[in-house]
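Asker: pasting the sequence and the predicted model now:
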Amino acid sequence: MVDVLGLVAVIVFYIIILGVGIWAGRKQKTTAGAGGPSSEEVMLAGRNIGTVVGIFTMTATWVGGGYINGTAEVVFRGGKGNGLVWCQGPFGYAVSLLIAGFFFAEKMRSEGYVTMLDPFQQKFGHRMGALLFIPALLGELFWSAAILSALGATITVIVGLSDTLSVIVSAIIAVAYTMFGGLYAVAYTDVVQLFCIFIGLWICVPFALTDARVAPISSTKSHWLGELEVNSIGSYIDSYMVLLFGGIPWQAYFQRVLSARTSHGAKVLSYVAAFGCALMCIPSILIGAVAYSADWTNTTFGRMPGENGKASEATLVLPLVLQNFTPAFVSFVGLGAVSAAVMSSADSSILSASSMFAWNIYRPLVRPKASDREILWVMKFAVFAMGAVATVLAIFIPSVYGLWFLCSDLVYCVLFPQLVLVLYYSSVNTYGSLAGYLVGMVLRLLGGEVILGLPAAVRYFYYAEHDTTGDGNLDTVVQLFPFRTFAMLISLLTIVGVSALTKFLFVRKRIISKRWDFFRCFEELDITRLSYPSEPPISSAPMTAEWSGGSPMTERNCWELAETKPEPPVPYQRRGLRPVSVIHFATEGEDNLGYVSTAL
């Protein structure tokens, strides 16, 4: 039976969110002027996101439905392998934001990139960038589906509405304002959603703690604090490493970093959002402890969630506590908080995946001469398509959470080492990138995935066998060795090693002819055969031998050698005031995008 009051509360909340999204979209059009917003305006809000809004949208992106529901679930389960000690997500992501802010935010923002994939395509070429797009896309897509699925189950518990209908309506709202307003709409709705999450959950906590049917949580802390066994330390560390470093190479994070007004602002919003993520998990921890300390036999639910073989009920412990241990009007406020958390993450992931597709796949590989307006329409179509696919997955795939876990592992094992090296180690090349990509992916898949029922083809150095069917056979292998981190490190070493080996074979010893250099990583050019314009472009700004703003992906036709310095020119110089005069001999190495490095 549908709870009419709860349904009205959900409708009112959705109307507010849609209204804010439309208002933010109009703000975008006002900022863009009569010509309409550009693709960069939609993807990055014109790089005009202030620090306060940036902090809110960064925090809200991480504090999603899986974040608050999952935290309460782990604390409620307690015991061995669960409990507060195993509640790694909130604290892991908080530290991840600190690491990303210190090592990656300023570097990426100062280079003027549009998406996370730009440095990969600049260094390794468009096709290698398209391969790296695959794990990034799957991670964003399955994450959106997982949290939409969680929202459907939550609304079903509290309101009694069909979970399928809940998922469809929520997805339509998120897709509508994202298509209309781009990052502006997502960012400003995140501000409202974060307020709803914070206020909604904190309002519920006192009512749940003081309910007569709930024992003091201090009396049950031996259970909900959890237990870390010695033989689980390896997998415990592995899980934390996935959160700390695998939480960095996500377009949803870098979209906010790249939209900041300044490089310093990009660092600040990462640091403050880290504090916000840690703070926002406290209500969920308390609700999880309440759930275990409560007497469920005196509720309409009638028993402890997860009893009678229904272990999946534990995933709904947060909405069940709101429904059974808080007044009706308070539970609806809490439902608004859960809905806000889900939508704040779903819209971000959908926009992130769509931006990468339009900018890094369609523009360079499908239609290199596409106009900016065409790219914008492709991105909007991609928003609709990504939202539709995520909705279908949320409704029809029961193991969507397992798929997301596997994809997030691939982001860690494949994308993280690539990101570190492309930004901090200039000697890597496309051959190393491709080899590391394949090695990292294969090693991770060979380790299996228990949640998906994917068997382990390789039993790493330390593992355990369990009977999951109750027939007395040890049919499931659980990896206790930190095999994800092992796969990531081997992938990183493979990139470095293969890059050095190919340079040795093609350049230093010339063992392999450069006509076999399929990726054109070591091509040499005679500079005397290159032609340069005789006149510099007309510009009101003084020309220098340095970068002068703009994206390195959009101004690559304006480079040439300058005559202003006696020493050899540095790579990627800006066009000088006079054309190149006499250079007796020089060679130039051209990378995959046509950027030229010179050696005299």
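Answerer: Received, thanks.
Asker: check what pLDDT the closest residue to Glu374 other than its chain neighbours gets.
Answerer: Leaving aside its chain neighbours, Glu374 sits nearest to Arg367 (6.9 Å; criterion: Cβ to Cβ, 6 or more residues apart in numbering). Every residue, glycine included, has its C-beta placed from N, CA and C. Listed pLDDT for Arg367 reads 91.
Asker: Leu131 too?
Answerer: 95.
Asker: any low-confidence regions in the stretch 301-450 of the chain?
Answerer: Counting by pLDDT under 70, the stretch 301-450 of the chain contains low-confidence ranges at 309-311, 398-402.
Asker: so where do the helices sit in it?
Answerer: Assigned by DSSP state H, counting those that start in this stretch, the stretch 301-450 of the chain shows helices spanning 317-325, 328-356, 372-396, 400-410, 416-424, 430-446.
Asker: now the helix or strand where Val257 lies: mean pLDDT?
Answerer: Per DSSP states H and E, Val257 falls inside helix 251-259. Taken as a whole, helix 251-259 has an average pLDDT of 94.
Asker: next one: stretch 210-226
Answerer: 93.
Asker: endpoints of that stretch, how far apart?
Answerer: For stretch 210-226, the separation between the terminal residues is 23 Å (Cα to Cα, to the nearest Å).
Asker: what residues of it count as buried?
Answerer: Within stretch 210-226, the residues scored as buried using 16 or more other Cβ atoms under 10 Å are 211, 214, 217, 220-221, 223-226.
Asker: stretch 190-206 now?
Answerer: In stretch 190-206, counting by 16+ other Cβ under 10 Å, buried: 190-194, 196-198, 200-205.
Asker: what about the residue nearest to Glu374, how many neighbours?
Answerer: 12 (other Cβ atoms under 10 Å).
Asker: ok, it to Thr115 distance?
Answerer: According to Cβ to Cβ, to the nearest Å, Arg367 and Thr115 sit 17 Å apart.
Asker: swap in Gly276?
Answerer: 24 Å.
Asker: now the helices for the stretch 151-300 of the chain?
Answerer: Ranges of helices in the stretch 151-300 of the chain, per DSSP H, counting those that start in this stretch, are 163-209, 221-224, 233-246, 251-259, 263-280, 282-293.
Asker: list the helices and strands the last one packs on?
Answerer: For helix 282-293, the packing partners by 3 or more Cβ pairs under 8 Å, 6 or more residues apart in numbering; DSSP states H and E come out as helix 65-77, helix 163-209, helix 221-224, helix 317-325.
Asker: before we move on, what about the third one?
Answerer: Contact here means 3+ Cβ pairs under 8 Å, 6+ apart; on that basis helix 233-246 packs against helix 88-100, helix 400-410, helix 483-503.
Asker: any idea which of those scores lowest on pLDDT?
Answerer: Among these, helix 400-410 scores lowest, at a mean of 76.
Asker: circling back: looking at Gly276 and Thr115, which one has more neighbours?
Answerer: Counted by other Cβ under 10 Å, Gly276 and Thr115 do not tie: Thr115 has more neighbours, with 26 against 20.
Asker: which SS state does the more buried one fall under?
Answerer: Three-state call for Thr115 (DSSP: H, G, I helix; E, B strand; the rest coil): coil.
Asker: Ala457 too?
Answerer: coil.
Asker: what residues are up against it?
Answerer: By Cβ atoms under 8 Å, 6 or more residues apart in numbering, the contact set of Ala457 is 445-446, 448.
Asker: can you do 6 Å?
Answerer: Contacts here follow Cβ atoms under 6 Å, 6 or more residues apart in numbering; on that basis Ala457 touches Leu446.
Asker: put the alpha carbons of stretch 253-270 into PDB.
Answerer: Extracted in PDB, the C-alpha atoms of stretch 253-270 (Å, rounded to 0.1, in the frame of the first residue of the first chain):
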ATOM      1  CA  TYR A 253      36.300  14.100  -9.600                       C
ATOM      2  CA  PHE A 254      38.400  15.800 -12.300                       C
ATOM      3  CA  GLN A 255      35.400  17.500 -13.800                       C
ATOM      4  CA  ARG A 256      35.100  19.500 -10.600                       C
ATOM      5  CA  VAL A 257      38.800  20.100 -10.400                       C
ATOM      6  CA  LEU A 258      38.900  21.400 -14.000                       C
ATOM      7  CA  SER A 259      35.900  23.600 -13.500                       C
ATOM      8  CA  ALA A 260      37.500  25.500 -10.600                       C
ATOM      9  CA  ARG A 261      38.400  29.100 -11.400                       C
ATOM     10  CA  THR A 262      42.100  28.700 -10.300                       C
ATOM     11  CA  SER A 263      44.500  25.900  -9.700                       C
ATOM     12  CA  HIS A 264      44.700  26.900  -6.100                       C
ATOM     13  CA  GLY A 265      41.000  26.700  -5.800                       C
ATOM     14  CA  ALA A 266      41.000  23.200  -7.200                       C
ATOM     15  CA  LYS A 267      43.300  22.100  -4.400                       C
ATOM     16  CA  VAL A 268      41.200  23.800  -1.700                       C
ATOM     17  CA  LEU A 269      37.900  22.200  -2.800                       C
ATOM     18  CA  SER A 270      39.600  18.800  -2.600                       C
END
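Asker: buried residues of it, list them for me.
Answerer: The neighbour-count check on stretch 253-270 (16+ other Cβ under 10 Å) flags 253-261, 263, 265-270 as buried.
Asker: now the helices and strands packed on helix 233-246 in CSV, with distance to Gln122?
Answerer: Converted to CSV, these look like this (distance: least, Cβ to Cβ, whole Å):
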stretch, distance to Gln122
helix 88-100, 20
helix 400-410, 22
helix 483-503, 16
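Asker: the spatially most central residue of the chain and Ser284, how far apart?
Answerer: By Cα atoms, centre = their mean, the chain has its centre lying nearest to Trp250, at 2.9 Å. Using Cβ to Cβ, Trp250 is found at 22 Å from Ser284.
Asker: over to Thr59?
Answerer: 14 Å.
Asker: can you report how many residues lie near the residue nearest to Ala328 when sequence neighbours are not counted?
Answerer: The shortest distance from Ala328 to any residue other than its chain neighbours is 6.7 Å, reached at Leu5 (Cβ to Cβ, 6+ apart). A count of nearby residues for Leu5, using other Cβ under 10 Å, gives 11.
Asker: could you give the angle of the helix or strand containing Ile22 to helix 328-356?
Answerer: Element membership for Ile22, per DSSP H and E: helix 4-32. Helix 4-32 and helix 328-356 meet at an angle of 40 degrees, taking axes from the mean of the first three to the mean of the last three Cα atoms, to 10 degrees as the criterion.
Asker: show me what helix 4-32 is packed up against.
Answerer: helix 163-209, helix 328-356 (3 or more Cβ pairs under 6 Å, 6 or more residues apart in numbering; DSSP states H and E).
Asker: what is the mean pLDDT for it?
Answerer: 77.
Asker: distance check, the residue lying closest to Val167 once chain neighbours are set aside against Ala145.
Answerer: For Val167, ignoring the flanking residues on the chain, the nearest one in space by Cβ to Cβ, 6+ apart is Gly152 at 4.1 Å. Relative to Ala145, Gly152 is positioned 11 Å away (Cβ to Cβ).
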